[in-house]
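*Asks:* could you look at this predicted model? Sequence included:
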Amino acid sequence: RRDARRVAETKRATEALAKKYDAKFEKLRESLDAFRRAYPAPSNPANVLEPGAPAPSLDDLERDARELRAQLAAERDLGRKR
């Protein structure tokens, strides 16, 4: 009997916590969406990746890394020449 009561009590507490968490998360999501609408600039980090947007492919990331390495090497060479 005690075990059944504890299990039921724990289940109710877990469900209450889940509802509370869902409500807080929904409020946070609404705030973020409002912020995105208020500041739509691409420089705003909240606008860079949206939920559900496709992630960049590995090839894209590798290409970007190569470009950045080349840019860094060019800047280092320029710094050495000065």
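*Replies:* Arrived safely.
*Asks:* quick one, helices of the protein?
*Replies:* 2-38, 58-81 (DSSP state H).
*Asks:* what are the buried residues along the longest one?
*Replies:* Put plainly, it is helix 2-38. Neighbour counts over helix 2-38 (16 or more other C-beta atoms under 10 Å) mark no residue as buried. Any C-beta I mention is one placed from the backbone N, CA and C, and that applies to glycine too.
*Asks:* show the average pLDDT along it.
*Replies:* The predicted model gives helix 2-38 an average pLDDT of 91.
*Asks:* do stretch 42-61 as well
*Replies:* Rounded mean pLDDT across stretch 42-61 is 71.
*Asks:* one step back: reformat the helices of the chain into a markdown table and put distance to Asn44 next to each item.
*Replies:* What follows is these, written out as a markdown table (distance: least, C-beta to C-beta, whole Å):
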| stretch | distance to Asn44 |
| --- | --- |
| helix 2-38 | 7 |
| helix 58-81 | 20 |
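*Asks:* the ones you listed: which one's closest to Pro45?
*Replies:* Closest approach to Pro45 among these is made by helix 2-38 (10.3 Å; C-beta to C-beta).
*Asks:* the closest one: how far from the chain's middle?
*Replies:* How far helix 2-38 lies from its chain's middle: 19 Å, per C-alpha atoms, centre = their mean, to the nearest Å.
*Asks:* cool, stretch 75-82 as well?
*Replies:* Using C-alpha atoms, centre = their mean, the offset of stretch 75-82 from its chain centre is 36 Å.
*Asks:* for it, buried residues please.
*Replies:* Result for stretch 75-82 [16+ other C-beta under 10 Å]: no buried residues.
*Asks:* could I get the CA-only coordinates of it as CSV?
*Replies:* The C-alpha coordinates for stretch 75-82 follow below in CSV (Å, rounded to 0.1, in the frame of the first residue of the first chain):
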residue,chain,number,x,y,z
GLU,A,75,46.9,37.7,-42.7
ARG,A,76,49.9,36.1,-41.0
ASP,A,77,52.0,36.6,-44.1
LEU,A,78,50.9,40.2,-44.3
GLY,A,79,51.8,40.7,-40.6
ARG,A,80,55.3,39.2,-41.1
LYS,A,81,56.0,41.5,-44.1
ARG,A,82,55.2,44.6,-42.0
